[in-house]
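Participant: Sharing a sequence plus its predicted fold:
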Amino acid sequence: MMAGRGEPFEGTAGGPARHIPVLLSEVLHSLEPRDGGLYIDGTFGAGGYTRAILGAADCRVIAIDRDPTAIAAGRGLAADHRGRLILAEGRFSELDAIAEGQGVEAADGVALDVGVSSMQLDQAERGFSFMQDGPLDMRMGDTGPNAADVVNTMGEADLARLIFVLGEERKSRAVARAIGRARSEGAITTTGALAEIVARAVGPLKDGKHPATRTFQALRIYVNGELSELAEGLAAAERILKDGGRLAVVSFHSLEDRIVKRFLAERSKVTQGSRHMPEVKAEAPTFRLLTRHPVDPGEEELKVNPRARSARLRAAERTAAPARAIDPASLGVPRLPGFEPAGRKGRSVQ
């Protein structure tokens, strides 16, 4: 699960914390759950969308989350809907393989809420928030390098680039230099320590947000490979959805929304062959747009949940055309230096 960028909720590694499912009625309207259908919630989190889908029709749901604590917390919901809810720990980029592992060949709908979960934000030990001091972790799962590994090992130039690209932090070079100076005196291991270093480098912001907001967001996106995950998740949804199946994606910042927009635009248009290259055949569209423009939260929802202000929904309906290969770079997924322990050459990722 990922978090928002547009107007990040203060104190997080980017994006609003959500106990209330964002754009819930709009997501249900897009999916149109029906009796006997099979739906995939690729970003289970606290279970808001899954619970609503199960309540809307006599259907089944496969709920996926890479965070084992989210899966554990959902066991009560699974028990209440015995036989209708399957919980699966894993990445939503593999949602088609996960579904097929459960004996499902095609799904009637896929929902993706690509935002960091409130459960993760509320736990200081997860290291997502600088409002509570905790270990500098930021991993949505429990494997792989964490934010402390990146902050203490990556070269300053590469660190500045990822903070600039993923955090849109204009003072990224100053932040990277400050981190370099601090870690030369000792490892940076806590969210509080990093927030203080970044705050001194960036200085006070006119909008009142914490100066470390964008840096924390960039590190979280990088550590979890969130943009690549999103691109691959969209492709996985295309592969598993049946003809007439629905895809609903809620994103929270411009990088995410751009990827979703480009994917659906590319998949909903007819690719024409060329008279100069007759061997290149026209490709039929794999999706039909249900939302030509993103759907934003209404005034009533914002009154109840102002943290939803940067959320955007895009939805589409699957056609019978065969799924296509995906090129993440064409969707706007940036290429950034890969993380490797000190002394080893990095590889390009994201």
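Facilitator: Yep, it's here.
Participant: what number of residues lie near Arg181?
Facilitator: Arg181: 12 surrounding residues under other CB atoms under 10 Å. The way it works is simple: take the backbone N, C-alpha and C, and place the C-beta from them, glycine included.
Participant: Show me this protein divided up by domain.
Facilitator: The chain breaks down by automatic domain parsing into domains covering 24-118+226-331, 142-223.
Participant: Show me the helices in the stretch 1-150 of the chain, by range?
Facilitator: 24-31, 48-56, 68-73, 75-80, 95-101, 118-122, 147-153 (DSSP state H, counting those that start in this stretch).
Participant: among those, which is nearest Ala284?
Facilitator: helix 95-101 (20.0 Å; CB to CB).
Participant: So for the closest one, what gets flagged as buried?
Facilitator: In terms of neighbour count (16 or more other CB atoms under 10 Å), helix 95-101 has its buried residues at 95-96, 98-99.
Participant: Now it - C-alpha only, CSV.
Facilitator: Written as CSV, here are the backbone C-alpha positions of helix 95-101 (Å, rounded to 0.1, in the frame of the first residue of the first chain):
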residue,chain,number,x,y,z
LEU,A,95,-2.6,-10.5,-7.5
ASP,A,96,-3.3,-12.6,-10.5
ALA,A,97,-0.9,-15.3,-9.4
ILE,A,98,-2.3,-15.2,-5.9
ALA,A,99,-5.8,-15.6,-7.2
GLU,A,100,-4.8,-18.4,-9.5
GLY,A,101,-3.2,-20.1,-6.5
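Participant: Not counting residues beside it along the chain, what's closest to Ala316?
Facilitator: In space, and not counting its chain neighbours, Ala316 is closest to Phe287: 4.0 Å by CB to CB, 6 or more residues apart in numbering.
Participant: oh sorry, the question was meant for Ala201
Facilitator: Counting by CB to CB, 6+ apart, Ala178 is the residue found nearest to Ala201 once chain neighbours are left out, at 3.8 Å.
Participant: That neighbour contacts Arg200, doesn't it?
Facilitator: Yes: in terms of CB atoms under 8 Å, Ala178 counts as a neighbour of Arg200; the distance is 6.5 Å.
Participant: between the two, which one's more packed in?
Facilitator: Ala178 (20 against 14).
Participant: Show the backbone phi and psi for that one.
Facilitator: With angles defined as degrees, to the nearest 10, Ala178 sits at phi -60, psi -40.
Participant: give me every residue that touches it.
Facilitator: Contact analysis of Ala178 by CB atoms under 8 Å, 6 or more residues apart in numbering lists 197-198, 200-201.
Participant: so how far is stretch 283-292 off the chain centroid?
Facilitator: Offset of stretch 283-292 from its chain centre (CA atoms, centre = their mean, to the nearest Å): 22 Å.
Participant: Buried residues in it, which are they?
Facilitator: Using 16+ other CB under 10 Å as the burial criterion, the residues of stretch 283-292 that qualify are 283, 285-287, 289-291.
Participant: so of those residues, which ones are in strands?
Facilitator: Of the buried residues of stretch 283-292, the ones assigned to strands by DSSP state E are 287, 289.
Participant: which of the buried residues of stretch 283-292 sit farthest apart?
Facilitator: Greatest spatial distance among the buried residues of stretch 283-292 (CB to CB): Glu283 and Thr291, at 22.1 Å.
Participant: pLDDT weak spots in the stretch 151-300 of the chain?
Facilitator: 271-281 (pLDDT under 70).
Participant: all strands for it, in order.
Facilitator: Taking DSSP state E, counting those that start in this stretch as the criterion, the stretch 151-300 of the chain contains strands spanning 241-251, 287-289.
Participant: Looks like Ala52 contacts Leu23 (just checking).
Facilitator: No: Ala52 is beyond contact range of Leu23, at 11.1 Å (criterion: CB under 8 Å).
Participant: higher neighbour count, the two?
Facilitator: Under the neighbour definition other CB under 10 Å, Ala52 and Leu23 were set side by side, and Leu23 has more, 23 against 19.
Participant: At which residues are the helices of the stretch 151-300 of the chain located?
Facilitator: Ranges of helices within the stretch 151-300 of the chain are 156-167, 172-185, 191-202, 213-223, 226-240, 254-267, 299-304, based on DSSP H, counting those that start in this stretch.
Participant: so which of the ones you listed is the most packed in?
Facilitator: When you average the neighbours per residue for each of the helices of the stretch 151-300 of the chain (mean count of other CB atoms under 10 Å), helix 213-223 leads with a mean of 28.
Participant: just to revisit the earlier point, possible to save the buried residues of stretch 283-292 as CSV with distance to Gly225?
Facilitator: Below are the buried residues of stretch 283-292 laid out as CSV (distance: CB to CB, whole Å):
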residue, distance to Gly225
Glu283, 28
Pro285, 28
Thr286, 24
Phe287, 24
Leu289, 27
Leu290, 28
Thr291, 27
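Participant: returning to that earlier point: of the buried residues of helix 95-101, closest to Gly332?
Facilitator: Lowest distance from Gly332 to these (CB to CB) belongs to Leu95, with 21.0 Å.
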